[in-house]
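Asker: need a 3D model of the sequence below.
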Amino acid sequence: MSNSIQQGLAILRCKQVQARTGLARSTIYLNIKSGTFPRPVQLGPRAVGWLESEVSDWIAERVRIARGNAKSAG
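Answerer: Numbers count the residues shown, from 1 in each chain. This is a model prediction of the structure:
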């Protein structure tokens, strides 16, 4: 695997995602269902995680929106 592919491939578990976003577990899953939060990656039969880069991008987008600097659509 090349370095460019490996960057951003750290996996966060739910508690880590909750700590970084300030969201409750139920809110994370509601946002996934509505398509406004990154989908988790299946790690095993009963384990999921989120790509750190996707969670970081989601946080950065929330900051842009909150500060009125959202990307223009289209």
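
Asker: now do the helices in this protein.
Answerer: For the chain, the helices defined by DSSP state H occupy 3-6, 14-21, 25-34, 52-66.

Asker: okay, those helices in TSV with distance to residue 42, mean pLDDT and mean neighbour count next?
Answerer: For the C-beta atoms, the positions are set from N, CA and C on the backbone; glycine is no exception. Output for those, formatted as TSV (distance: least, Cβ to Cβ, whole Å; pLDDT from 0 to 100; neighbours: other Cβ atoms under 10 Å):
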stretch	distance to residue 42	mean pLDDT	mean neighbour count
helix 3-6	19	57	8
helix 14-21	13	98	15
helix 25-34	13	98	12
helix 52-66	15	97	14
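
Asker: out of these, nearest to residue 43?
Answerer: Of all the helices of the chain, it is helix 14-21 that lies closest to residue 43, at 11.2 Å by Cβ to Cβ.

Asker: next, the angle from the closest one to helix 52-66.
Answerer: Using axes from the mean of the first three to the mean of the last three Cα atoms, to 10 degrees, one finds that helix 14-21 and helix 52-66 are set 30 degrees apart in direction.

Asker: residues touching the residue nearest the centre of the chain, list them.
Answerer: Nearest to the mean C-alpha position of the chain, by Cα atoms, centre = their mean, lies residue 55 at 2.5 Å. Neighbouring residues of residue 55 by Cβ atoms under 8 Å, 6 or more residues apart in numbering: 12, 17, 20-21, 38.

Asker: pull the most distant pair out of the residues you listed.
Answerer: So, these by Cβ to Cβ: farthest apart are 20 and 38, at 11.9 Å.

Asker: before we move on, the earlier item: which one of the contacts of residue 55 is nearest to residue 66?
Answerer: Lowest distance from residue 66 to the contacts of residue 55 (Cβ to Cβ) belongs to residue 21, with 13.4 Å.
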